[in-house]
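In: fold the following.
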Amino acid sequence: MKAIHVPKIDARYWAGISMASVFGTNTGDWFAFRAGLGVLGGLPILAAIIAVVFLLERRDEKTHEAWYWLVIILIRTGATNIADYVCGRRHGLGVDRVEFSIGLALFMAFLVFLQHRKNSKPGIPQTDANYWTTMLAAGVFGTAAGDAILAVFGGDEVIGGVYAAALLAAIFGLLLLFGRGGRIQMLFYTWVTICVARTMGTAIADVLANNRSLNMGLTVSTVFTGIVFIAVLVLWKRAPQDVPTDAQTGAR
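Out: All right, here's what the predicted structure looks like:
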């Protein structure tokens, strides 16, 4: 992805990635269950859309982040379905969520190690195939780990799910707080924070959609979180001086 379409990792980015994690969880569930495609049936469609988006992005010379955030949502949607299939016991493979999450964490650590040798500047990611593979793995991890944590607290339909979401939000906030002064832009720290954001997003989205007291439902939750996600990116403008260059990101 071109550098002119890639956001800098700053406070605005973390607001966007956290809301994308919530919204993408809802879109994944909606795509699978409300659209009637199932947890695997929609994946080829998502893959085709992502391929078209990348083709169009390469032809676009205007400076904006729309392509980046669109891919983020599409990948998060697919990641939700992949994790639900792998860890699903009724309509999936029934793999243990904790074991699957640990395996994904090790896989991501290897990918980030490879990225570390190519990352030219802290805070500006090199969005190559390795980057997007890691982002997909982080989304799958977040879904599996989020569901596992919700299960420990009694599920997303009861008050325990609210506690789980609050706990994960607190951990995410502490990571951002502790990361001030440049630490948050270190590559490994960035990916750990993204994984926590994905896990938090799963918990929050599932609670919004399924909690009995809220009685919101999946469709309303999806619309609501989508509006908030778009509002964050539209109302919180990226400063002109934050626009990265191709030389900074190594974009091709």
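In: just how off-centre is stretch 156-167 within its chain?
Out: In terms of CA atoms, centre = their mean, to the nearest Å, the centre of stretch 156-167 is found 20 Å from the chain centre.
In: now that stretch: buried residues?
Out: By neighbour count on 16 or more other CB atoms under 10 Å, the buried set for stretch 156-167 is 156, 157, 158, 160, 161, 162, 164, 165. All C-beta spots, glycine's among them, are computed from the backbone N, C-alpha and C.
In: and which of these is nearest residue 43?
Out: Closest to residue 43 out of the buried residues of stretch 156-167 is residue 156 (23.3 Å), distances taken as CB to CB.
In: what does the closest one show for phi and psi?
Out: phi -80, psi -10 (degrees, to the nearest 10).
In: before we move on, what about residue 37?
Out: phi -90, psi -20.
In: ok, now residue 235?
Out: phi -80, psi -30.
In: that one: neighbour count?
Out: 7 (other CB atoms under 10 Å).
In: which ones are touching it?
Out: With CB atoms under 8 Å, 6 or more residues apart in numbering as the criterion, no residue contacts residue 235.
In: among the buried residues of stretch 156-167, which ones are in helices?
Out: Judged by DSSP state H, the buried residues of stretch 156-167 include 160, 161, 162, 164, 165 as members of helices.
In: among these, find me the one that's closest to residue 13.
Out: Nearest to residue 13 out of these is residue 165 (CB to CB; 21.3 Å).
In: from what I can see that closest one touches residue 202, true?
Out: No: using CB atoms under 8 Å, residue 165 makes no contact with residue 202, being 9.0 Å away.
In: what do those two both touch?
Out: If you check residue 165 and residue 202 against CB under 8 Å, 6+ apart, no residue is contacted by both.
In: what about residue 230, which helix or strand?
Out: Using DSSP states H and E, residue 230 sits within helix 218-235.
In: nothing else from me, thank you.
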